[in-house]
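1. With the sequence up front, the predicted model follows.
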Amino acid sequence: MKRPLIVLALAASALAPSGAWAEPPTLAKVGELPAAFDDIGPAVQALKGPGGRTIHYADTGEAGFRPVLFVGGTGTSARAFGMTEFLKSMRVQLKLRLITVERNGFGDTALTPGWGYGDYAAEVKAVLDHLGVQRFSGVAISGGGPYLAQAAALMPERLISLHLLAAATERPAGDSVCKLAPEQLAGALKPQVQNPQAWWAFPKDSPTHAIPGFADRAYEEGARTFFIRGQMGDPAPEAAEVMRYCGPLADLSQVKAPAYVYQGTADTQVGMESARTWQARLPNLAAMRVYEGEGHDVQYRHWDQLLLDVAGHGDLTAVCVKGRSRALPKAQADKALAAGATLGVCAWAKRG
């Protein structure tokens, strides 16, 4: 004889009033639902460029915003600009559109032997032409400096402004790195290239630690740069990039657009000598922003000031006054700072 199957959970739920054991709804009433997806960052796109080489680029794409060519630091991919999006709301408020073109051997882009600064500038031009961008500002971080210089030299008439944050120039004559064979340099770089957490390590006192999720986003950037195509941390592209810095900086004599240089006096990676080189070579230096006692992370710590400058408000300074983030004329900002205000938006003042 078969025994009756008794499911206690079903029996119990049948006896209980509807919803008696459930938590209350998160909202009393659900309104109209979204009709579009939220932005989680632009996709990396592909374009056939000069000589049939595939170029990879990313574009935040806001119609009517000022186009800004962003050139990331040494060993970065087309999505490196995402590490600056901790101030995305400010970027959007100022109507700035970021465009970045990936360099040789990083991220989605395969390594082409012999590729150089001139090739990068030609690829940038191809992307800007493809997007219908005629006028643009240029921003370079760290090792992106010589690449932006080449693009500026190629298209000086299209530049709105130029911005160089802790940006490298060229290695000095006789530099020991420039004397290495490519395989020697690749071997030296391999441990860092294969460990994005080491590649993107910031010191414990770095202000970047105040940015929620910044370190993890940086590690993800390293993983994308060196692993996304299954290249498994191949150091050859990085070695080629470092050797490229042994070459001369582009001739900037025809670049008449206003230029801004941002430099920390305690930067041990890109020192004040590089800032002075930019100062000497740029025909129209609008501002030399030197931050006493700050290191290589000025590129993130003062991104708020960079955004103001790129938007055409170089006469304003970002400050936090009594808990309010303000953009004030220099004289007012200096007075506020003397009275206890802090430099940059108030999020920096809150870091512990």
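-> It's in.

2. Would you mind listing the residues in contact with the residue nearest the centre of the chain?
-> Residue closest to the average C-alpha location in the chain (Cα atoms, centre = their mean): F81, at 2.8 Å. By Cβ atoms under 8 Å, 6 or more residues apart in numbering, F81 lies in contact with 58, 70, 72, 98, 100. Any C-beta I mention is one placed from the backbone N, CA and C, and that applies to glycine too.

3. what's the neighbour count on the spatially closest residue to L306 that is not a sequence neighbour?
-> The spatial neighbour of L306 that comes closest, neighbours along the chain excluded (Cβ to Cβ, 6 or more residues apart in numbering), is H163 at 5.9 Å. Look at H163: counted by other Cβ atoms under 10 Å, it has 27 neighbours.

4. Need phi/psi at H163.
-> Here is the backbone geometry of H163 (degrees, to the nearest 10): phi -140, psi 130.

5. Test my guess that it contacts P258.
-> No. Counting by Cβ atoms under 8 Å, H163 stays clear of P258, with 9.5 Å between them.

6. Please enumerate the helices of the protein.
-> Using DSSP state H, the helices found in the chain span residues 8-15, 88-93, 117-131, 145-154, 182-193, 196-199, 214-227, 236-244, 272-281, 298-301, 303-310, 330-338, 346-349.

7. Figure out which of those is closest to S77.
-> helix 214-227 (4.4 Å; Cβ to Cβ).

8. before we move on, the earlier item: redo the helices of the chain as CSV? Include mean neighbour count.
-> Formatted as CSV, those follow (neighbours: other Cβ atoms under 10 Å):
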stretch, mean neighbour count
helix 8-15, 9
helix 88-93, 15
helix 117-131, 20
helix 145-154, 24
helix 182-193, 16
helix 196-199, 17
helix 214-227, 20
helix 236-244, 21
helix 272-281, 16
helix 298-301, 25
helix 303-310, 24
helix 330-338, 14
helix 346-349, 16
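
9. I'd like those as CSV, with mean pLDDT and distance to V44 appended.
-> Converted to CSV, the helices of the chain look like this (pLDDT from 0 to 100; distance: least, Cβ to Cβ, whole Å):
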stretch, mean pLDDT, distance to V44
helix 8-15, 48, 49
helix 88-93, 98, 18
helix 117-131, 98, 12
helix 145-154, 98, 18
helix 182-193, 98, 20
helix 196-199, 96, 18
helix 214-227, 98, 9
helix 236-244, 98, 16
helix 272-281, 98, 29
helix 298-301, 98, 22
helix 303-310, 98, 22
helix 330-338, 98, 38
helix 346-349, 96, 28
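
10. of all these, which lies closest to V139?
-> Here helix 303-310 is closest among these (Cβ to Cβ), at 6.5 Å.

11. got the contact list for stretch 101-115?
-> The contact list for stretch 101-115 (Cβ under 8 Å, 6+ apart) reads 44, 46, 53-57, 69, 71, 75-79, 119-120, 123-124, 127, 147, 224-226, 228-229, 234, 236-238, 240-241.

12. ok, back up a step: bridge partners for the residue nearest to L306, pull those for me.
-> Beta-bridge partners for H163, by DSSP bridges, are V139, Y260.

13. OK, contacts around it?
-> H163 neighbours (Cβ under 8 Å, 6+ apart): 137-140, 259-260, 262, 306, 309-310.

14. and with 7 Å instead?
-> Taking Cβ atoms under 7 Å, 6 or more residues apart in numbering, we find H163 in contact with 137-139, 260, 306, 309-310.

15. So for it, what's the pLDDT?
-> We have a pLDDT of 98 for H163.

16. Check A22 too.
-> Model confidence at A22 (pLDDT) stands at 84.

17. give the contact list for it.
-> Per Cβ under 7 Å, 6+ apart, neighbours of A22: none.

18. how close does it get to A28?
-> 14 Å (Cβ to Cβ, to the nearest Å).

19. what's the answer for P258, then?
-> Per Cβ to Cβ, P258 is found 54 Å from A28.

20. Of the two, which one has the most company?
-> P258 (20 against 6).

21. Would you confirm that the more buried one contacts A286?
-> Yes. Using Cβ atoms under 7 Å, P258 is in contact with A286, at 3.8 Å.

22. if we can go back for a sec, which of the contacts of F81 lies closest to A181?
-> G72 (26.8 Å).

23. Let me know how buried the closest one is, in neighbour terms.
-> Neighbours around G72, by other Cβ under 10 Å: 28.

24. which one is it nearest to, not counting chain neighbours?
-> Nearest non-adjacent residue to G72, counting by Cβ to Cβ, 6+ apart: A80, 3.4 Å away.

25. pLDDT score assigned to that neighbour?
-> 97.

26. How about the contacts made by it?
-> A80 makes contacts with 72, 100, 221, as judged by Cβ under 7 Å, 6+ apart.

27. Then L337?
-> 319, 343.

28. How much space separates it from L328?
-> From L337 to L328 the distance is 10 Å (Cβ to Cβ).

29. what's the answer for P67, then?
-> Taking Cβ to Cβ, one finds P67 at 27 Å from L328.

30. Which of the two has more residues huddled nearby?
-> P67 (23 against 18).
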